[in-house]
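>>> Predicted model, plus sequence, below.
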Amino acid sequence: MRKRSQGKANKEKGKRYERELAKKLSKAFGCDVRRVPCSGALDDWKGDLRNLHGPLERYCIEAKYQKQLSWWKAIEQARSQAGRLEWLLIVSRAFEGADYVVMDLRHFIELLHNQKEPK
């Protein structure tokens, strides 16, 4: 019985992290980022977070809030959820509090090439 309640508590922590992350991204980009209903289980709604109209609309965002992470499994989940969208994996180590972004190198290079030079 204890495992079941611990699993439920971990799931709630993950949902809370997704909501906090949605607020941070919404504020940072001036758009409406929302949690995906049913955590990506619906055919047309994949990933954990989406922005349908705004600067993040081309991304499928997978969020992980864990003490330990199977990186390759998390990356594969983000890639498979994204379909035709670009994927981002945002990770927070539960005990550290910092957020990290993982993305495809090709996309990272594209982002830097499209960045405007500072004046």
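That came in fine, so what should we check first?

>>> all helices of the protein, in order?
2-29, 71-82, 105-114 (DSSP state H).

>>> Please work out which of those helices is packed deepest.
helix 71-82 (a mean of 15; mean count of other Cβ atoms under 10 Å). (Each C-beta comes from the backbone N, C-alpha and C, glycine too.)

>>> So what touches that helix?
Residues outside helix 71-82 that contact it (Cβ atoms under 8 Å, 6 or more residues apart in numbering): 40, 46, 47, 59, 60, 62, 64, 87, 88, 89, 91, 102.

>>> where does this structure have low pLDDT?
1-4, 39-44, 94, 116-119 (pLDDT under 70).

>>> Go again with 80.
The chain contains residues with pLDDT under 80 at 1-7, 37-46, 93-97, 115-119.

>>> circling back to that earlier point, got the helices of the chain as CSV, with distance to residue 36 columns?
Converted to CSV, these look like this (distance: least, Cβ to Cβ, whole Å):
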stretch, distance to residue 36
helix 2-29, 9
helix 71-82, 9
helix 105-114, 20
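
>>> Any idea which of those gets closest to residue 51?
helix 2-29 (7.4 Å; Cβ to Cβ).

>>> how deep is the closest residue to residue 45 other than its chain neighbours tucked in, by neighbour count?
With Cβ to Cβ, 6 or more residues apart in numbering as the criterion, residue 45 has its nearest non-adjacent residue at 4.8 Å, and that residue is residue 36. Residues lying near residue 36 (other Cβ atoms under 10 Å) number 21.

>>> wait, doesn't residue 36 sit right on residue 59?
No - assessed by Cβ atoms under 8 Å, residue 36 is found out of contact with residue 59, at 12.0 Å.

>>> Give the residues shared as contacts by those two.
Joint contacts of residue 36 and residue 59 (Cβ under 8 Å, 6+ apart) are residue 50.
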